[in-house]
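Visitor: Any chance you can model this:
(one chain, ligands or ions: 1)
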Amino acid sequence: MNYTAILQEIYQQISRLPVTGTVAATIPELAKVDPGKFGIHLTTIDGEDYGIGDSEEKFSIQSVSKALTVAMAFASLGERMWERVGVEPSGNPFNSLVQLEYEKGIPRNPFINAGAIVIADMLVSQLKNPKQDFLEFVRTISGSPNINYNSKVAESEKQTGFRNAALANFIKSFGNIENDVEEVLDFYFFQCAIEMTCKELAHSFFFFANEGMTRSGRQILTQSQVKRLNALMQMCGFYDESGEFTYKVGLPGKSGIGGGIAALYPKNFTVTTWSPGLNEKGNSELGMNALELLTTKTGMSIF
Ligand code: GLU
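Guide: Numbering: from 1, shown residues only. Next up, the predicted model:
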């Protein structure tokens, strides 16, 4: 497969499209990002790298981090993790509160904010120095020791994260948060404020495509655990647009309101895109377009 030529074609086609999405407004610091940015990076299972556009520029990974926290929690807690968070699509927006009340504080899945906050609580309980340990985990799986978080973005979300505070308090009222709500939210805002390039993100997601093993040969999860998380990303990785993403792209993946998307074709490649303009569901408009072009041109999708 000539990925250099394919990415070039995609880049040219995407460059001709108007930038119509809107940059995330819920976090003021994110609203400052240039909406015209676009990058795409693909890493094959053999370790070859192909990138084009702004693929080596750092951006706020936001909810893409949820796939990494859930992997870390799954590695240490195993199946008992699912007693506190479900594995079903929600069909609701990422920050919705509605299902939580009648489902008694058990979030539908780990990729909506409610679920990711419960996973954050698990990690706060499990880890000695949660922020530092998670950052080290991300640096290890990506092979990039210079990955860090943006304190301005984390602070900006802390100032305006009223919905996430509401979710955390509501879940706590059902007894599904063990730690202090402030501490859990502080960790959650931290994980969302981690910055990576498309290339670093593609490397971080490599183990999802490689049966649980990182590029440097570290077994993070078992083959069966990775199957489960990829299935969850397929069903829930794009909030109430997960069906649309599956229909158009046909790969498991995770989006974030920083405009990033990480997707993968098991045993073949990981691919990441960054374009800050979001559609009304909070997913990167051009990123979704680019990935649809990729699987259409190559025929490489899991369906
Ligand atoms: N930090 C964001 C929030 O909780 C993440 C949402 C997203 O990226 O979809 O609102």
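Visitor: Within range of the ligand, give me the residues from the stretch 51-200 of the chain.
Guide: Residues of the stretch 51-200 of the chain lying close to the ligand (Cβ under 6 Å from any ligand atom) are Q62, S63, F94, N95, N113, E157, N164, C192. For every residue, glycine as well, the C-beta is placed using N, CA and C.
Visitor: and those residues, which two are the farthest apart?
Guide: F94 and E157 (13.4 Å; Cβ to Cβ).
Visitor: Could I get the average pLDDT for the helix or strand where T272 lies?
Guide: Assigned by DSSP states H and E, T272 belongs to strand 269-274. Strand 269-274 carries an average pLDDT of 98.
Visitor: so how far is it off the chain centroid?
Guide: 11 Å (Cα atoms, centre = their mean, to the nearest Å).
Visitor: Give the pairing partners of it; include direction for each.
Guide: Sheet pairing of strand 269-274 (DSSP bridges) gives strand 39-44 (antiparallel), strand 260-265 (antiparallel).
Visitor: who touches the next helix or strand after it?
Guide: Counting by DSSP H and E, the element after strand 269-274 in chain order, helix or strand, is helix 285-298. Residues from elsewhere that reach helix 285-298 (Cβ atoms under 8 Å, 6 or more residues apart in numbering): 1, 6, 9-10, 13-14, 17, 19-21, 38, 40, 42, 245, 248-251, 253, 255, 259-261, 263, 271, 273-275, 277-279, 300-301.
Visitor: Narrow those residues to just the buried residues.
Guide: Buried members of those, counted by 16 or more other Cβ atoms under 10 Å: 6, 10, 14, 19, 21, 38, 40, 42, 245, 248-251, 253, 255, 259-261, 263, 271, 273-275, 277-279, 300-301.
Visitor: was I right about M235 contacting P89?
Guide: Yes - assessed by Cβ atoms under 8 Å, M235 is found in contact with P89 at 4.8 Å.
Visitor: anything in contact with each of these two?
Guide: Common contacts of M235 and P89 (Cβ under 8 Å, 6+ apart): N109, S242.
Visitor: quick revisit: what comes into contact with the strand holding T272?
Guide: Against strand 269-274 from outside (Cβ under 8 Å, 6+ apart): 37-45, 54-55, 57, 59, 198-199, 201-203, 205-206, 208-209, 251, 258-265, 284, 286-287, 290-291, 294, 300.
Visitor: how about the helices in the stretch 51-200 of the chain?
Guide: Under the criterion DSSP state H, counting those that start in this stretch, helices of the stretch 51-200 of the chain are mapped to 65-77, 98-102, 113-126, 130-142, 151-160, 162-173, 181-192, 198-204.
Visitor: got the ones you listed as CSV, with mean neighbour count columns?
Guide: Below are these laid out as CSV (neighbours: other Cβ atoms under 10 Å):
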stretch, mean neighbour count
helix 65-77, 23
helix 98-102, 13
helix 113-126, 24
helix 130-142, 18
helix 151-160, 17
helix 162-173, 18
helix 181-192, 22
helix 198-204, 28
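Visitor: Show me the one of those helices that comes nearest R218.
Guide: helix 130-142 (6.9 Å).
Visitor: Enumerate the residues of the stretch 201-303 of the chain near the ligand.
Guide: Neighbours of the ligand within the stretch 201-303 of the chain, by Cβ under 6 Å from any ligand atom: G256, I257, G282.
Visitor: next one: the helix or strand bottoming out on mean pLDDT in the chain to chain centre, how far?
Guide: The helix or strand of the chain with the lowest confidence, counting by mean pLDDT, DSSP states H and E, is helix 98-102 at a mean of 91. Remark: helix 98-102 is offset 23 Å from the chain centroid, using Cα atoms, centre = their mean.
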